[in-house]
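> Following is a predicted model, sequence given first.
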Amino acid sequence: MKLESKIPAGELKDKWTNHKFNMKLVNPANKRKYNVLVVGTGLAGASAAASLAELGYNVSVFCYQDSARRAHSIAAQGGINASKNYQNDGDSDYRLFYDTIKGGDYRAREANVYRLAEVSGNIIDQCVAQGVPFAREYGGLLANRSFGGAQVSRTFYARGQTGQQLLLGAYSALNRQIGLGKVKTYYRREMLELVIVDGHARGIIVRNLVTGELEKYSGDAVLLATGGYSNVFYLSTNAMNSNATAIWRAHRKGALFGNPCYTQIHPTCIPVHGDYQSKLTLMSESLRNDGRIWVPNKVGDNRAPNDIPENERDYFLERKYPSFGNLVPRDVASRNAKEQCDAGKGVGDTKMAVYLDFAEAIGRLGQKAIEDKYGNLFDMYQTITGENPYKVPMRIFPAPHYTMGGLWVDYNLMTTIPGLFALGEANFSDHGANRLGASALMQGLADGYFVIPYTLGDYLATNKLAKVTTEHPEFAKEEKSVNELVGKLLAIKGKRTVDDFHKVLGRIMWNNVGMSRNEEGLKKAIKEIAELRAEFWKDVNVVGSAQDLNQTLERAGRVADYLELGELMAKDALSRNESCGGHFRAEYQTEENEAKRDDENYTFVSAWEYKNPGEWEFHKEDLDFEFVHPTQRSYK
Amino acid sequence: MEGNKLNLTLKVWKQANKDAKGRFETYELKDISTDASFLEMLDILNDDLERKNEEPVAFEHDCREGICGCCSLYINGRAHGPLAGITVCQLHMRNFKNGETIWIEPWRAKPFSIVKDLIVDRSAFDRILQAGGFVSINTGGTPDANLIPIPKEKADLAMDAAACIGCGACVAACKNASAMLFVSAKVSQLALLPQGQAEKQQRVLAMVSQMDKEGFGSCTNTGACEAECPKKISISNIARMNREYFSASIKSN
C-alpha cells in the first residue's frame, strides 16, 4: 500500500490557500442531498457537525453520552493557543508552526502543522463571536498567558475551564442546527462497526445503549471524532467511558493506525490511592513554578514528610537538571518521578508518588500569595486527598493524559478508507511525538471548523457515489457480525470481571509501554497482552443481557479492543529504535537523559495495517523537512 | 496517610426502566477505605455484584473530575450529597461514618424520567438550549476577536453563569422541580455579553417557553437550587432572567 499524504505543492504559507482553491465544491443546492454521519461530539465532532449543517449538509451526530455537552473535551483546563500576536511579543503563524513542530520532536508533517497555525486566529474569532467568555484585561481586550514550549504569550483561556467553554460554544452552534432541523441527534449510542460499500465508508452500526438494540445508519461520508485512547492504561486522566472502539473497529476494517506508541504522560496528577482507584485527576502543571519536587534519600523512609530533615531529602530534578530544575519538560519530569519510585523511594501509602512541596514558596511569598495563585488547585487537592497542602507537601505522580497517535489521515483528514475521516485526537496528524500544552483544543477546533468543511466537499464532489440505504446487504452482514460479537461476550460466563482484565492490561502497559520503554519490556508486554487476550475470551464474565442498558457489556467491548490496541502500541514502540518526544526508549538517550532521535533512520510516520488479532503489516510515510531543520531538543 | 475502613449499609433505588416499578434495594459493604470516592464505593459494590453474577447498579458518570455533569445522585436527601459546591464524583467516603446507612436515589423531577436505576433522562435541558441558547452566527466570516472590548467585570459575570455543567441538581433540589437556575445561567451569559444582544428578546422568550413545555415547575425563591449547585451558580441570574423576560414580553406585545 502506498501512503499518499496529498500534501499540496508550493511554499509553506501558500499550501492551504492554493489547496482550498484547487478543491472541488459542492453546489449549495446540492449539499442538502448528502448525509454525513459524525461520531463523537467533542470539540472536533461538534464543530464539524455544526459547520457542515450550516453549509447545508444533512448531518447525524452520535455519542455515547446523554448529551453532546458531556464529551471529554469539557475537562481541558489550561487554554488554547493562537498566533494572534495580541501581546506584541513577536508571535506569528510561522512561530506557532515552528514551536509546534519542534515540540513534537520533528515527527509531524510541516504542511499540517502550518495549516493549524494559520487557522488558529480564526478559531478565537469564531469562539468569541459565539459568546465564549474568555478571560479579559481591564481594558476589555482578551488576556493571554504563557504555556510550556513557547517564549511568547499566546494562550487564550477561560479560567481553568477553557475546554468546557469552547465545547459549550461548539455545542451551542450544534444546538442551533438541531433546532433548525439540519442535525439529527443520536445520543446514548455507541458505534460498533463501520459499513463499507464498494470500497467507500457508507455507514455505521451503533448500539442503542438504553434498549440494547443495534441500529443501522447510512450516509455519504463518516467522520470519526471519538478522541484518544489513554484509557488503554486503565488509569488515566481521561473520562471513564472514553474509548478507542470506534477507531479500532475502523482500523480492523482497513483504516491504518498512525504512530500508536506516541502517548503523553502528564507529570502532575494526584497519585493512585488504592486498588479500587478508578481515575487519575490532573492538576495544572503551573504548580511546578513554585513547588519543589523531592523524595527521601533513604529507601523505605516512612517518616511523615515534615519530619524528614532537609539534608535527608533528594530534590532530584534540581540536582540532575540544575538550569531547568523543577521546570523541565513534561516527559523528563514524568520519567524521573517514575525512576525514583522504581528505586523504592516513592512516598505515601502506595509508594507510587513523589512530594511537591510548597513550604519554601510559602515561606518566601507568604500563604496569601500562594492562595491567590493556586487556591482552586489546593482546594481540589484537599477535597480528593483529605490533606491540607499548605501544611504537608502534595503527593503527585504522572498519569497518561493524551495520545498523539491515532488513525492515519492524509492532508484532507481522510483515512485510508475513502469516505472515512478522522478528526481531533482520534487522528495522528499534527502533534508528532509530543503535544505542547494548549494545542489539543486548537487542533480539535481547526479540524472541525476550518478544515473538514472544505475537504469533505472536495471528496463528495469528486466521487460520484451511488445511493446506498441501510437495505444494502452489507448493513445486514455487519449487523449480524456485531450481534455475534455481543453474543460471544455474554456467552463466555467465565470467572473474572471485565475490570479485572482491564486493570491487568493497564499494569502491563504502564510498566512496559509507559514513560520509559526498552526492548526486553516491550517483548514481554507483547507476549503478556496476547496471553491476556486469550484468557479474556475464555474467562470473562459479562453479566446482564444484550437487550437492556448494560454498562458491563459496554465496557467489555471496549476492553476487548484495548487488548488488541495495547499490543499494537508495544509493537510500534519496539519497532522505533530511537527516542522522540513522549516515546522514550531507555536504550536511546543522551548523556543528559534526553530523548535521542535517529533522524537518519526514523524520520517517518509508522502506519499499521490490521491483518488478524495480533498481526499487522507495517507501512511508513516518510516525513520531508523542507522548511525547518530538525535539531536536538535541549533543556539544559 | 492510612485511610480508615468503613462498614456501610446502602439503600439504593433500583428500577428496571422508565415504566417499571422501582424499589429500594439493601446492600451491605465492608472495609470501604475513607480515601475512596463515592463513585469508587459504588464501583466496589458493582464489582462484588458482578462476582456474584448479580446485576450491578446502573449510574451515570464519566469524567470523575467534576466538570462533565454526568453524575447525578441524591444522597441522604441531598443533591450531590452532604458537601456544598461539589459533584458526587468529588465526594469522598471520609465524609461518612462507620456503620452509617446511606440512601441513594436518582434525581426526582417529573421532566427527568428514570432510564434505569439511578440514571435519568435530562434531554429536556438540551431541548431548552436548542430553543435559543446560542448566538446565531455561522462558522467563518466573524470579525477579529478584539474588535469588541468587553469590560472585565461583565466578562467575569458571564463566565460565572457559563460555568453551569447542566447536571440538573438545581431541578432535583427544588421542591417545584424548577429549572430556572439552569435556564437563567445561559440567558444571563448571553444577555451580559454584546454578542448576545441582537437576539436577546427572542432568546429568553423561546427558552422560557420551552422550559414550561417540558413541565418544569415555577420558581418560588427558596434558593435550594443555589445551595445545591456544584458550581455555585448564583440565583441573581434568575433575577436577571426575570428582568429580561419581563422586558422582552412588553416589547414583543
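Perfect, I can see it now.

> Only C-alpha atoms from now on, for both contacts and neighbour counts.
Will do.

> Backbone torsions only: list them for residue A:518.
phi -140, psi 170 (degrees, to the nearest 10).

> same thing with residue B:235?
Residue torsions, per degrees, to the nearest 10, at residue B:235 are phi -70, psi 0.

> Which residue is the nearest non-sequential neighbour of it?
residue B:226 (6.0 Å; Cα to Cα, 6 or more residues apart in numbering or on different chains).

> what does the helix or strand hosting the one you found rub up against?
Per DSSP states H and E, residue B:226 falls inside helix B:224-228. For helix B:224-228, the external contacting residues (Cα atoms under 8 Å, 6 or more residues apart in numbering or on different chains) are B:78-80, B:84-85, B:169-171, B:173-174, B:181, B:232-235.

> repeat that with 10 Å
With contacts defined as Cα atoms under 10 Å, 6 or more residues apart in numbering or on different chains, helix B:224-228 is touched by B:78-87, B:168-175, B:177-182, B:219, B:232-236.

> ok so, going back, gap between the residue nearest to residue B:235 and residue B:166?
Distance of residue B:226 to residue B:166, computed by Cα to Cα, to the nearest Å: 13 Å.

> Same question for stretch A:322-342: list its buried residues.
A:325-338, A:340-341 (16 or more other Cα atoms under 10 Å in any protein chain shown).

> Restrict that stretch to CA atoms and write it as PDB.
The C-alpha trace of stretch A:322-342 is given here as PDB (Å, rounded to 0.1, in the frame of the first residue of the first chain):
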ATOM      1  CA  PRO A 322      20.400  22.500  37.600                       C
ATOM      2  CA  SER A 323      19.300  25.000  35.000                       C
ATOM      3  CA  PHE A 324      15.700  24.000  34.400                       C
ATOM      4  CA  GLY A 325      15.200  22.400  37.900                       C
ATOM      5  CA  ASN A 326      11.500  21.600  38.600                       C
ATOM      6  CA  LEU A 327      10.500  23.100  35.200                       C
ATOM      7  CA  VAL A 328      12.000  20.500  32.900                       C
ATOM      8  CA  PRO A 329       9.500  19.400  30.200                       C
ATOM      9  CA  ARG A 330       6.700  17.100  30.900                       C
ATOM     10  CA  ASP A 331       8.300  13.900  29.700                       C
ATOM     11  CA  VAL A 332      11.600  14.400  31.600                       C
ATOM     12  CA  ALA A 333       9.700  15.300  34.900                       C
ATOM     13  CA  SER A 334       7.500  12.200  34.500                       C
ATOM     14  CA  ARG A 335      10.300   9.800  33.800                       C
ATOM     15  CA  ASN A 336      12.300  10.900  36.700                       C
ATOM     16  CA  ALA A 337       9.400  10.600  39.200                       C
ATOM     17  CA  LYS A 338       8.900   7.000  38.000                       C
ATOM     18  CA  GLU A 339      12.600   6.200  38.300                       C
ATOM     19  CA  GLN A 340      12.600   7.400  42.000                       C
ATOM     20  CA  CYS A 341       9.600   5.200  42.800                       C
ATOM     21  CA  ASP A 342      11.000   2.200  41.000                       C
END
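
> can it be found next to chain B?
No - on the criterion Cα under 10 Å from any Cα of the partner chain, stretch A:322-342 is out of touch with chain B, staying 17.3 Å away.

> And that stretch, how far out from the chain middle?
Offset of stretch A:322-342 from its chain centre (Cα atoms, centre = their mean, to the nearest Å): 22 Å.

> Could you give the average pLDDT over that stretch?
Per-region confidence: stretch A:322-342 scores 85 on mean pLDDT.
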